[in-house]
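>>> Fold the following and give me the result.
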Amino acid sequence: MTECQFDSVSELLDFLAVDLENPLDSRYARFATRFILVDTPEEYNVLLNWLRNHCDIVLNLADFCSGDDVFPMLSGVLATLDVMEKDATACIVGVSEFMRLVPEKVKSFFSKLFERETAKNRRIYLPLFRGRELLSQLLEGYDRVIYKETPDVLSVKVFSNQLKDIELTVAPFAQRKVQSGVKLLNGVRELFTLWSNQSNVQRSTCFWLKTEFAGIV
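You can find the predicted model right below:
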């Protein structure tokens, strides 16, 4: 996996604006998907706001959950992309959390996305919060990635002193004793809803996810 790194989120946004009209090279011109890595809640919030303002459609994975504790139907996300106008742009929100919980479930989804060409969709943006290692693992083994035939993963440089810990506890039950500063999430849909607004994470950094899937994530 190759990365194109930027010194700041504003430089990244400038690049995205230029890339939309004048792709960097043939790889960027051919393939639609842009994987974007950021590591701080503040940068993620700025990026997400920009994408909401510039994309024709924003797909929140929470909207593809058929119940409070049901994982998103990724086939529904792909179906939505299929019916979009080919000149349209889309942003998919919440993918990094899906990667963290059940990476195997997103493998085929990713394979379809990174092969997706601009003949189908002009741009598809995947903002990923602290997803570098998981993304690298998911893209391993794909020839197009190995031979650098697809666009670089875009990222913002981060320094360790910028990072703050974010703690997520996953369990099949609620907290027995409510702890101050810990936000309870009832079901996976609430987790994906949380990440559709990154300011939620800026307000709280400790989360307890109650889900029947605790044994497999």
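>>> Domain map for this protein?
Annotated domains of the chain cover 3-160, 162-210 [automatic domain parsing].
>>> Which among those domains is found nearest to residue 216?
Closest to residue 216 of the domains of the chain is domain 3-160 (Cβ to Cβ; 6.9 Å). From N, CA and C alone the C-beta is placed, and that goes for glycine too.
>>> Do you have the strands of the chain handy? List them.
Applying DSSP state E to the chain gives strands spanning 3-6, 33-38, 57-60, 89-93, 123-129, 153-156, 167-171, 182-186, 206-210.
>>> Now do the contacts for residue 117.
30, 31, 32 (Cβ atoms under 8 Å, 6 or more residues apart in numbering).
>>> make it 6 Å
The contact partners of residue 117, taken as Cβ atoms under 6 Å, 6 or more residues apart in numbering, are 30, 31.
>>> can you check residue 139 too?
By Cβ under 6 Å, 6+ apart, the residues touching residue 139 are 1, 145.
>>> Could you tell me the least trusted of the domains of the chain?
In terms of average pLDDT, domain 162-210 trails the rest of the domains of the chain, at a mean of 81.
>>> sorry, back to before: just the domains of the chain: most buried one?
domain 3-160 (a mean of 17; mean count of other Cβ atoms under 10 Å).
>>> Check the gap between the nearest residue in space to residue 130 that is not next to it in sequence and residue 29 for me.
With Cβ to Cβ, 6 or more residues apart in numbering as the measure, residue 39 is the residue that lies nearest to residue 130, at 5.4 Å, once sequence neighbours are left out. Distance of residue 39 to residue 29, given as Cβ to Cβ, to the nearest Å: 28 Å.
>>> And residue 45, by the same measure?
Distance, residue 45 to residue 29, using Cβ to Cβ: 30 Å.
>>> before we move on, what about residue 62?
32 Å.
>>> show me where this structure has helices.
9-21, 26-30, 41-54, 74-82, 95-101, 103-114, 132-139, 143-146, 188-194, 199-203 (DSSP state H).
>>> so can I have TSV of those helices showing distance to residue 182?
TSV is the format used below for the helices of the chain (distance: least, Cβ to Cβ, whole Å):
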stretch	distance to residue 182
helix 9-21	29
helix 26-30	42
helix 41-54	17
helix 74-82	29
helix 95-101	17
helix 103-114	25
helix 132-139	24
helix 143-146	38
helix 188-194	13
helix 199-203	12
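>>> Out of the ones you listed, which gets nearest to residue 170?
Nearest to residue 170 among these is helix 95-101 (7.7 Å), distances taken as Cβ to Cβ.
>>> For that closest one, name the packing helices and strands.
Using 3 or more Cβ pairs under 6 Å, 6 or more residues apart in numbering; DSSP states H and E, the elements in contact with helix 95-101 are strand 123-129.
>>> Centre of the chain to the strand it packs on, how far?
Taking Cα atoms, centre = their mean, to the nearest Å, one finds the center of strand 123-129 at 5 Å from the center of the full chain.
>>> Mind listing the strands that strand pairs with, and their directions?
Within its sheet, strand 123-129 is paired with strand 33-38 (parallel), strand 89-93 (parallel), according to DSSP bridges.
>>> can you list these in CSV and add distance to residue 76?
CSV is the format used below for these (distance: least, Cβ to Cβ, whole Å):
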stretch, distance to residue 76
strand 33-38, 17
strand 89-93, 11
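>>> Just give the nearest non-adjacent residue to residue 152, would you?
residue 4 (4.0 Å).
>>> measure the residue of the chain positioned farthest from its centre to residue 184 for me?
If you look at how far each residue of the chain sits from its centre, by Cα atoms, centre = their mean, the farthest one is residue 177, at 32.2 Å. To residue 184, residue 177 is 12 Å away according to Cβ to Cβ.
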